[in-house]
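> I would like to see how this sequence folds:
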Amino acid sequence: MTRVVSMVILVVMALAAPLAAEAQPASRRVPRIGYLDAGSLAATSVRIVPGLAGGTRHARSPGHAAGPGHAGRRAVKIVRRAAAMRALVREARRRGKSVGFVPTMGALHEGHFSLVRRARRAHDRVVVSVFVNPLQFGPKEDYRRYPRNTRRDAARCRDAGCDWFFLPAAGEMYPERFQTAVTPGPLASRWEGALRPGHFSGVLTVVLKLLQIVEPDTVILGQKDAQQAAVVGAMMRDFDLPSRLAVAPIVRDPDGLAMSSRNAYLTSEERRRAAGFPRALAAAAALARRGVRDARRLEAEAKRILRREAKPDAIDYLAVVDPATLEPVPRVEKRALLLAAMRLGRVRLLDNRLLAPPRGAR
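Residues are numbered from 1 along each chain as shown. This next block holds a predicted model:
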């Protein structure tokens with residue numbers, strides 16, 4: 001447990017600052033965890049990749065954000081076999097190239113593409129995986145209903161700067177007689193872990209497999225799933241995995257709602273109500289900046305606004321927690337994290353907000 005807590009403290013200490021290692025040559029990079037700065041989000045064009053069925057397909061890119069060793073226009077390669085993916089990365093590394101990796105479950109949106117562009121700016125080669133992982137779906141969660149749009153995802157990943165689009169089938173990731181899973185530690189016991197038994201075991205199992213296949217210098221996750229990022233980071237540290245974990249800030253729609261593949265399930269009326277979710281968390285953050293430190297008061301304010309503006313069908317949890325342990329805290333002393341999940345109809349939405357007292361406050 002001490003090692004897990006120490007790892008997550010590194011995440012928290014870097015919350016407000018960019019990773020200095022992003023500018024370092026690949027040979028100088030060391031495994032580290034941190035939150036990246038917000039950065040700019042350039043618009044991307046969409047071109048459909050014709051025919052993704054079977055074999056490896058290429059689509060020519062009109063050009064994307066340059067990274068180290070960027071050669072201008074290039075094709076994106078769709079890879080379906082783990083052995084082929086590993087061979088491509090190892091050959092790139094043999095030639096001195098660095099590799100950034102963005103794992104996803106598809107139904108990609110601007111939040112995902114911002115991660116791809118970050119990887120593009122910092123690495124010579126960029127891998128994006130799309131795999132809807134059955135192991136992280138519970139018995140009451142509809143795995144088959146999860147949105148899928150592979151053609152669109154591949155085309156837009158190419159435009160964002162992806163070189164290799166890893167698209168394995170379930171049988172490739174979990175072949176016959178597959179029987180091993182990763183058991184998460186205490187960081188996974190509350191919040192999402194309590195509500196979705198077995199979820200984080202499925203997440204860690206697939207992430208470990210992907211990291212063993214892709215062998216990236218850096219894997220980039222989003223802060224929206226803050227508990228997931230912390231649990232993945234703990235596994236990487238405990239298993240001495242050589243990749244670095246970078247956690248990038250939440251990308252939001254103009255009304256503040258965190259971008260998520262789940263948003264596609266919202267009706268127009270639910271989508272309007274959902275905008276009250278980020279406003280509620282922002283109100284609590286503003287109260288903390290004005291000097292309110294009592295966690296229960298901050299939670300009460302957030303819930304008051306959430307119920308008034310979003311009118312959720314249920315609030316699964318809303319709590320001020322220690323960013324290192326994800327355990328509830330009575331007061332905001334230095335930094336805290338406001339974690340929340342709510343339901344609108346059939347859709348669960350997650351969000352979080354960093355809380356900090358006024359500068360210079362004691």
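> end-to-end on stretch 92-105?
25 Å (C-alpha to C-alpha, to the nearest Å).
> Quick check, pLDDT for the closest residue to Phe101 other than its chain neighbours.
The shortest distance from Phe101 to any non-neighbouring residue, by C-beta to C-beta, 6 or more residues apart in numbering, is to Pro216 (3.6 Å). Every C-beta, even on glycine, is put in place using the N, C-alpha and C of the backbone. Per-residue pLDDT puts Pro216 at 98.
> ok, now the one 3 residues further on?
Among the per-residue scores, Val219 holds a pLDDT of 98.
> How are the strands of the stretch 201-350 of the chain distributed by residue range?
Along the stretch 201-350 of the chain, the stretches classed as strands by DSSP state E, counting those that start in this stretch are 218-222, 244-248, 314-321, 336-344, 347-355.
> would you turn the ones you listed into JSON lines with mean neighbour count and distance to Pro328?
Compiled in JSON lines, the strands of the stretch 201-350 of the chain are given as follows (neighbours: other C-beta atoms under 10 Å; distance: least, C-beta to C-beta, whole Å):
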{"stretch": "strand 218-222", "mean neighbour count": "23", "distance to Pro328": "24"}
{"stretch": "strand 244-248", "mean neighbour count": "24", "distance to Pro328": "22"}
{"stretch": "strand 314-321", "mean neighbour count": "18", "distance to Pro328": "5"}
{"stretch": "strand 336-344", "mean neighbour count": "22", "distance to Pro328": "10"}
{"stretch": "strand 347-355", "mean neighbour count": "22", "distance to Pro328": "13"}
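> Can you lay out those as CSV showing distance to Arg297?
Listed next are the strands of the stretch 201-350 of the chain as CSV, based on distance: least, C-beta to C-beta, whole Å:
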stretch, distance to Arg297
strand 218-222, 29
strand 244-248, 28
strand 314-321, 10
strand 336-344, 12
strand 347-355, 12
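> Figure out which of those is closest to Asn149.
Ranking the strands of the stretch 201-350 of the chain by proximity to Asn149 (C-beta to C-beta) places strand 347-355 first, at 17.9 Å.
> which helices and strands does that closest one pack with?
Contacts defined by 3 or more C-beta pairs under 8 Å, 6 or more residues apart in numbering; DSSP states H and E place strand 347-355 against helix 276-289, strand 336-344.
> So what are the sheet partners of the shortest one and their directions?
Each strand that strand 336-344 pairs with, and the sense of that pairing, follows from DSSP bridges: strand 314-321 (antiparallel), strand 347-355 (antiparallel).
> Just send those strands back as CSV, with distance to Leu221 too.
Compiled in CSV, the strands paired with strand 336-344 are given as follows (distance: least, C-beta to C-beta, whole Å):
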stretch, distance to Leu221
strand 314-321, 18
strand 347-355, 13
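> Ok, which of those comes nearest Ala284?
Evaluated over those, closeness to Ala284 peaks at strand 347-355, with 6.9 Å, by C-beta to C-beta.
> Domain parsing of the protein, as residue ranges.
Here the domain parsing of the chain from automatic domain parsing is 2-248, 261-355.
> Least confident of the ones you listed, on average?
Lowest mean pLDDT within the domains of the chain: domain 2-248, a mean of 76.
> Nearest to Ser201, out of the strands paired with strand 336-344?
Among these, strand 347-355 sits nearest to Ser201 (C-beta to C-beta), with 18.6 Å.
> Just the angle for the closest one relative to helix 276-289, thanks.
Angle of strand 347-355 versus helix 276-289, following axes from the mean of the first three to the mean of the last three C-alpha atoms, to 10 degrees, is 20 degrees.
> For strand 347-355, output the C-alpha coordinates as PDB.
Output of strand 347-355 as PDB, limited to C-alpha atoms (Å, rounded to 0.1, in the frame of the first residue of the first chain):
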ATOM      1  CA  VAL A 347     -26.600   6.900 -18.700                       C
ATOM      2  CA  ARG A 348     -24.000   7.200 -16.000                       C
ATOM      3  CA  LEU A 349     -21.800  10.300 -16.200                       C
ATOM      4  CA  LEU A 350     -18.500  10.800 -14.400                       C
ATOM      5  CA  ASP A 351     -16.600  14.000 -13.600                       C
ATOM      6  CA  ASN A 352     -14.100  15.400 -11.200                       C
ATOM      7  CA  ARG A 353     -12.700  18.800 -10.100                       C
ATOM      8  CA  LEU A 354      -9.500  19.800  -8.300                       C
ATOM      9  CA  LEU A 355     -10.100  21.700  -5.100                       C
END
